[in-house]
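Student: Got a sequence here, can you build the structure:
(4 chains)
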Number of protein chains: 2
Amino acid sequence: MNAKRMLLETALAHFAREGYEGASLQKIADDVGIKKPSIYAHFKGKDHLFLSTLKDALKAEKRRITHYFISCKDQPLETRLHGLLEFLLEEYNRSSESKFVLRMAFFPPSSLYDEVMELIYPFLDSMERRVVQLMQQAQADGAVKIARPEDAAVAYMTLTDGILVEMVYGGLPGAERRLGASWPIFWAGIRAVGQTES
Amino acid sequence: MNAKRMLLETALAHFAREGYEGASLQKIADDVGIKKPSIYAHFKGKDHLFLSTLKDALKAEKRRITHYFISCKDQPLETRLHGLLEFLLEEYNRSSESKFVLRMAFFPPSSLYDEVMELIYPFLDSMERRVVQLMQQAQADGAVKIARPEDAAVAYMTLTDGILVEMVYGGLPGAERRLGASWPIFWAGIRAVGQTES
DNA sequence: TTTTAACTACCTAACGATCGTTAGCCATAA
DNA sequence: TTATGGCTAACGATCGTTAGGTAGTTAAAA
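Tutor: Predicted coordinates:
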């Protein structure tokens, strides 16, 4: 396989597991099967490797989420939103990509704070906008009554983060427990708030 | 002030901001105003300083939460639960303690994973048990009907994490936005689920 | 078609800086 | 007298990084 790709994938795993400061170029090079200075044939330095990895991961993540949204286009809102959470859990379990993104969104390397946020903000923003849009569309179709689609979207993002962070140390069982306990309450809340306010 | 206390407090701030691997004993010592090797008069090494800091922070956190629960003993369940979230946001904003605990719960140093989890698990467990107990008690009083108190507690913990992680990069405004948007939905959900299942 | 130049992707060796840590000395206080 | 809590000096290890060289490939020039 392409050495640059292997570097990106290996670095991703290391950054996800050890964080930016904890990951070492030596170990990444060892895993790839090259010598440490050879990294500099592909990347200007650790910063560059890290930011390239982050860009790459965000791009792939965005692509996959878009793909999911398309694949369940005809289903009702609840199925789509609940399904997205299940989908994210699967993704998180399958590869280190989501874990990496999550970690860097919450605890970016302090030396690269601005650069990281410049990449993450648009990603999360577009994610939230998409959920708002979904809610508004479902409401326009008359399928569900949602009082404030923006608030509903924010609450959904909050729920998502609460479940995803549990993946980090609770693993898949813990996250599924949270999803199973939270979803009925969340969805009943969405419906109830939609009822009370006309 | 006691040098050991200063070390614990300074270390806490550094570990919260830079993570375990990113924090350096040199800089911590500089901040305290002593030389690096003097740290070893109080702690066996970086591991020991870190774990002591974590124990200290968890103890203080637990004490404050207990204190909060007592202070609002007579209020209705919703006020107590909603108030706890506001209380946590204040705490998080005021000091680095909650940030440190949150960071280490989600992304512990990989070299100290077991030791950290041994400290964090009981903390989170007791927190969850307390919330379960609160829900059951409110139900016994006939104040609120809650279908499954355990699920309600898990959902509450999920909500808490979703709001707290937003504190990290969204800051207080972002977290308050999440709280404001999520709470009405969460609480309406709790009530609605309690209604449907007798 | 052959030669030559440039480029790519790796290497070894080594750089200076910083890391956590230890040894050993010295003052103050119990 | 012993213990505490600082200090200086220095340790070996590891960090990210650079210099400089070498095969293998590509492409233009002879």
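Student: For the host helix or strand of residue A:63, name the packing helices and strands.
Tutor: Using DSSP states H and E, residue A:63 maps to helix A:46-71. If contacts are counted by 3 or more CB pairs under 8 Å, 6 or more residues apart in numbering or on different chains; DSSP states H and E, helix A:46-71 sits against helix A:3-22, helix A:25-32, helix A:77-94, helix A:97-106, helix A:113-140. The way it works is simple: take the backbone N, C-alpha and C, and place the C-beta from them, glycine included.
Student: Save those helices as CSV, and put in mean neighbour count too.
Tutor: Formatted as CSV, the helices and strands packed on helix A:46-71 follow (neighbours: other CB atoms under 10 Å in any protein chain shown):
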stretch, mean neighbour count
helix A:3-22, 20
helix A:25-32, 16
helix A:77-94, 17
helix A:97-106, 22
helix A:113-140, 15
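Student: so the longest helix seen in chain A versus helix B:113-140, what angle?
Tutor: Ranked by residue count and defined by DSSP state H, the top helix of chain A is helix A:149-196. Helix A:149-196 runs at 30 degrees relative to helix B:113-140, counting by axes from the mean of the first three to the mean of the last three CA atoms, to 10 degrees.
Student: pLDDT weak spots in chain A?
Tutor: A:197-198 (pLDDT under 70).
Student: One more pass at 80, please.
Tutor: A:1, A:169, A:195-198 (pLDDT under 80).
Student: what does it put close to DNA strand C?
Tutor: A:3, A:4, A:34, A:35, A:36, A:37, A:38, A:40, A:41, A:42 (CB under 7 Å from any atom of the strand).
Student: mind putting those in TSV, distance to chain B and secondary structure included?
Tutor: Output for these, formatted as TSV (distance: CB to the nearest CB, whole Å; DSSP: H, G, I helix; E, B strand; the rest coil):
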residue	distance to chain B	secondary structure
A:3	26	helix
A:4	26	helix
A:34	23	coil
A:35	23	coil
A:36	18	helix
A:37	22	helix
A:38	24	helix
A:40	22	helix
A:41	26	helix
A:42	24	coil
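Student: I only care about those residues that end up buried; give me the PyMOL line for that.
Tutor: Applying 16 or more other CB atoms under 10 Å in any protein chain shown to the residues of chain A next to DNA strand C, the buried members can be selected in PyMOL as follows:
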select buried, chain A and resi 34+42
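Student: Go through the residues of chain A next to DNA strand C and say which is closest to residue B:73.
Tutor: residue A:36 (59.8 Å; CB to CB).
Student: quick one: that closest one and residue A:27 touch, right?
Tutor: No - taking CB atoms under 8 Å as the definition, residue A:36 is not a contact partner of residue A:27, at 9.2 Å.
Student: Leaving out sequence neighbours, find the closest residue to residue A:58.
Tutor: residue A:123 (5.2 Å; CB to CB, 6 or more residues apart in numbering or on different chains).
Student: check contacts around that neighbour.
Tutor: A:58, A:61, A:62, A:101 (CB atoms under 8 Å, 6 or more residues apart in numbering or on different chains).
Student: Repeat the analysis, applying 10 Å as the threshold.
Tutor: A:54, A:57, A:58, A:59, A:61, A:62, A:65, A:101, A:105 (CB atoms under 10 Å, 6 or more residues apart in numbering or on different chains).
Student: Near the fourth one, how many other residues are there?
Tutor: The reference is to residue A:59. Residue crowding around residue A:59 was assessed by other CB atoms under 10 Å in any protein chain shown; the count is 12.
Student: which ones are touching it?
Tutor: Here residue A:59 is in contact with A:119, A:123 (CB under 10 Å, 6+ apart).
Student: count of residues packed around residue A:67?
Tutor: Counted with other CB under 10 Å, residue A:67 comes out at 10.
Student: So residue A:144 sits against residue A:135, correct?
Tutor: Yes - using CB atoms under 10 Å, residue A:144 is in contact with residue A:135, at 8.0 Å.
Student: any common contacting residues for these two?
Tutor: A:77, A:152, A:190.
Student: between the residues you listed, which is nearest chain B?
Tutor: If you rank the shared contacts of residue A:144 and residue A:135 by distance to chain B using CB to the nearest CB, residue A:190 comes first, at 5.9 Å.
Student: which residues does that closest one contact?
Tutor: Neighbours of residue A:190 in contact, by CB under 10 Å, 6+ apart: A:77-78, A:81, A:135, A:144-147, A:151-152, A:155-156, B:185, B:188-189, B:192.
Student: let's go with 8 Å and repeat that
Tutor: Per CB under 8 Å, 6+ apart, neighbours of residue A:190: A:144, A:146, A:152, A:155, B:185, B:189.
Student: And residue A:35, by the same measure?
Tutor: residue A:29.
Student: which among the residues of chain A next to DNA strand C gets closest to residue A:23?
Tutor: Looking across the residues of chain A next to DNA strand C and measuring by CB to CB, the closest to residue A:23 is residue A:36, at 12.7 Å.
Student: Close to DNA strand D: what parts of chain A are there?
Tutor: So chain A meets DNA strand D at A:23-27, A:36-37, A:39-40, A:44-47 (CB under 7 Å from any atom of the strand).
Student: switch to 10 Å and redo it
Tutor: Taking CB under 10 Å from any atom of the strand as the contact definition, chain A meets DNA strand D at A:14, A:18, A:20-30, A:35-41, A:43-50.
Student: Give me the distance from stretch A:158-165 to the chain's centre.
Tutor: Its chain's C-alpha centre and that of stretch A:158-165 lie 10 Å apart, by CA atoms, centre = their mean, to the nearest Å.
Student: Touching it from outside, list them.
Tutor: Contacts for stretch A:158-165 (CB under 8 Å, 6+ apart): A:85, A:88-89, A:92, A:98, A:102, A:106, A:175, A:178-179, A:182, A:186, B:106, B:157-163, B:165-166, B:178, B:181-182.
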